[in-house]
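Asker: With the input below, show me the fold.
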Amino acid sequence: MLKKFKVKVNKKLYEVEVEELKTVPESHINVAKDKKIIRNTTMVLASTPAQLKSSPLATKEIIAPLPGLIVDVLVKEGSKVKVGDRILVLEAMKMENAIVAVSDSIIEKIHVKKGDLVNGNQLMVTLQ
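Answerer: Numbering: from 1, shown residues only. The predicted model follows:
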């Protein structure tokens with residue numbers, strides 16, 4: 001379903017059509033405080049742990065979705081996590097992004113620590 005929006009860029013008005021996504025197309029997510037899943041600035045429709053579990057996001061590697069600073073690591077190696085559990089906090093573009101488990105797993109290896117700067121697409125956590 002296409003939705004129409006008007007966008008002003010440099011004082012010039014544009015009319016754009018945006019297609020609503022029915023599935024989560026990418027393998028890395030952030031969860032906002034309102035529990036809606038966000039990938040960068042793209043709102044997707046997975047908003048509950050059940051939707052996450054059945055999504056194509058179930059992967060064994062957690063990759064940095066964009067460059068940023070690791071503000072906090074909330075788990076330890078060997079910890080059990082459930083889908084939707086917060087694993088770490090990544091600050092990017094002046095926003096804190098909670099990086100969450102996309103499947104019920106065990107934390108196998110944490111490749112980053114608090115204070116690390118990460119690049120986009122950098123491996124941060126490996127899950128069993």
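Asker: Who are the contact partners of residue 92?
Answerer: Contact analysis of residue 92 by C-beta atoms under 8 Å, 6 or more residues apart in numbering lists 65-69. From N, CA and C alone the C-beta is placed, and that goes for glycine too.
Asker: Next, it: phi, psi?
Answerer: Main-chain dihedrals, residue 92, degrees, to the nearest 10: phi -140, psi 140.
Asker: Write down the beta-bridge partners of it, one by one.
Answerer: Beta-bridge pairing of residue 92 under DSSP bridges involves residue 95.
Asker: remind me which residues of this structure are low pLDDT?
Answerer: For the chain, applying pLDDT under 70 flags the ranges 1, 20-59.
Asker: hmm, back to that, adding distance to residue 123, write the contacts of residue 92 out as JSON lines.
Answerer: Formatted as JSON lines, the contacts of residue 92 follow (distance: C-beta to C-beta, whole Å):
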{"residue": "65", "distance to residue 123": "12"}
{"residue": "66", "distance to residue 123": "14"}
{"residue": "67", "distance to residue 123": "14"}
{"residue": "68", "distance to residue 123": "14"}
{"residue": "69", "distance to residue 123": "16"}
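Asker: Nearest to residue 125, out of those residues: which one, please.
Answerer: residue 65 (12.7 Å; C-beta to C-beta).
Asker: So the closest one: helix, strand or coil?
Answerer: Of the three states, residue 65 takes coil under DSSP: H, G, I helix; E, B strand; the rest coil.
Asker: Then the one 4 residues further on?
Answerer: The local conformation at residue 69, judged by three-state DSSP, is strand.
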